[in-house]
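Undergrad: Build me a model:
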Amino acid sequence: MRDLYIIGAGGCGREVLQWIKDSGTEYNIIGFLDDNLEALDGFQCSHKIISKISEYIPKGNDVFVCAIANPDIKEKITTSFMAKGAQFINIIHPTAVIAETSEIGIGVVVYPYCVISDNTEIGNFVTLNLYNSIGHDAKIGDYTTVSAHCDITGAVKIGKKVFMGTHVSIVPTVKVQDEAVLCAGSVVMNNITKGKKVLGNPAKKFEI
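TA: Numbering: from 1, shown residues only. Next up is the predicted model:
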């Protein structure tokens with residue numbers, strides 16, 4: 001039995017631990033890696049932080065899941081670990097519905113009650129939170145995080161390192177380029193260019 005480590009001991013990490021347990025995992029869950037050694041203080045949790053992320057050296061029997069929502073941090077950590085030979089696995093909750101024609105990359109985390117429809121493409125290290133719907137022929141790029149209750153409809157194309165807040169809806173065939181941020185509750189009806197932050201219904205450019 002291989003040893004499983006969860007990278008990130010924040011709220012996302014604690015959730016992923018539960019989804020792993022729900023899945024009846026074939027792995028031996030060792031615990032968390034997090035540079036904040038106090039991340040679990042004050043929370044009930046069955047597993048502990050084993051090491052800082054920055055100090056851990058992957059071993060031959062290890063496998064990993066990255067439970068970090070921030071796309072930039074997710075990319076940085078997973079790239080560094082894979083350069084050290086680390087192997088990442090997918091965590092897909094048993095309540096998720098996934099079409100047999102879909103393609104799913106490595107290091108993907110699929111929360112409960114997601115639906116991934118016909119001929120979809122899910123890239124590496126994508127996080128799909130609770131109750132997400134991914135329509136037919138949609139594509140989601142590497143390191144993208146989709147928060148809970150989002151509706152990605154048919155033939156939508158989402159680039160790499162996109163962050164979607166909760167309750168975002170994207171109408172069919174829209175293209176969202178790399179590193180865009182779709183703020184919570186937005187209805188995206190037009191193509192979104194690289195790095196653009198949008199908010200509202202219909203979603204429009206938003207600046208702090």
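Undergrad: contacts, neighbours, all on C-alpha from now
TA: Noted.
Undergrad: so how far is the helix or strand hosting Ile6 from its chain's centroid?
TA: Counting by DSSP states H and E, the element that carries Ile6 is strand 3-7. The chain centroid and the centroid of strand 3-7 are separated by 16 Å, computed with Cα atoms, centre = their mean, to the nearest Å.
Undergrad: mean confidence for that strand?
TA: If you average the pLDDT over strand 3-7, you get 98.
Undergrad: packing partners for the helix or strand that it is followed by?
TA: Heading C-terminal from strand 3-7, the first helix or strand you meet, by DSSP H and E, is helix 11-22. Judged by 3 or more Cα pairs under 8 Å, 6 or more residues apart in numbering; DSSP states H and E, helix 11-22 is in contact with strand 3-7, strand 91-92.
Undergrad: Go through those and name the closest to Val115.
TA: strand 91-92 (11.2 Å; Cα to Cα).
Undergrad: Save the helices and strands packed on helix 11-22 as TSV, and put in distance to Cys150 and mean neighbour count too.
TA: Output for the helices and strands packed on helix 11-22, formatted as TSV (distance: least, Cα to Cα, whole Å; neighbours: other Cα atoms under 10 Å):
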stretch	distance to Cys150	mean neighbour count
strand 3-7	24	22
strand 91-92	17	21
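Undergrad: Check Ile208 and give its pLDDT.
TA: For Ile208, the predicted pLDDT is 57.
Undergrad: tell me the phi and psi of the nearest residue to Cys12 once chain neighbours are set aside?
TA: Once flanking residues are discounted, Cys12 sits nearest to Ala67: 5.6 Å by Cα to Cα, 6 or more residues apart in numbering. Main-chain dihedrals, Ala67, degrees, to the nearest 10: phi -110, psi 60.
Undergrad: Would you agree Ala67 is in contact with Gln18?
TA: No - using Cα atoms under 8 Å, Ala67 makes no contact with Gln18, being 11.8 Å away.
Undergrad: Of these two, which one has the most company?
TA: Ala67 (25 against 13; other Cα atoms under 10 Å).
Undergrad: What separation do you get for Ala138 and Phe32?
TA: 33 Å (Cα to Cα, to the nearest Å).
Undergrad: still on that earlier bit, now distance to Ala83 too, for the helices and strands packed on helix 11-22, in CSV please.
TA: As requested, these are arranged in CSV below (distance: least, Cα to Cα, whole Å):
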stretch, distance to Ala83
strand 3-7, 16
strand 91-92, 21
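Undergrad: what residues are up against the nearest residue to Met189 once chain neighbours are set aside?
TA: Using Cα to Cα, 6+ apart and skipping the chain neighbours, the partner closest in space to Met189 is Val171 (5.6 Å). By Cα atoms under 8 Å, 6 or more residues apart in numbering, Val171 lies in contact with Ile152, Thr153, Gly154, Val156, Val187, Val188, Met189.
Undergrad: contacting residues for the third one?
TA: Just to be clear, that refers to Gly154. Gly154 neighbours (Cα under 8 Å, 6+ apart): Ile134, Gly135, His136, Asp137, Ala138, Val171, Pro172, Thr173.
Undergrad: neighbours around the fifth one, how many?
TA: Put plainly, it is Ala138. Based on other Cα under 10 Å, the number of other residues close to Ala138 is 25.
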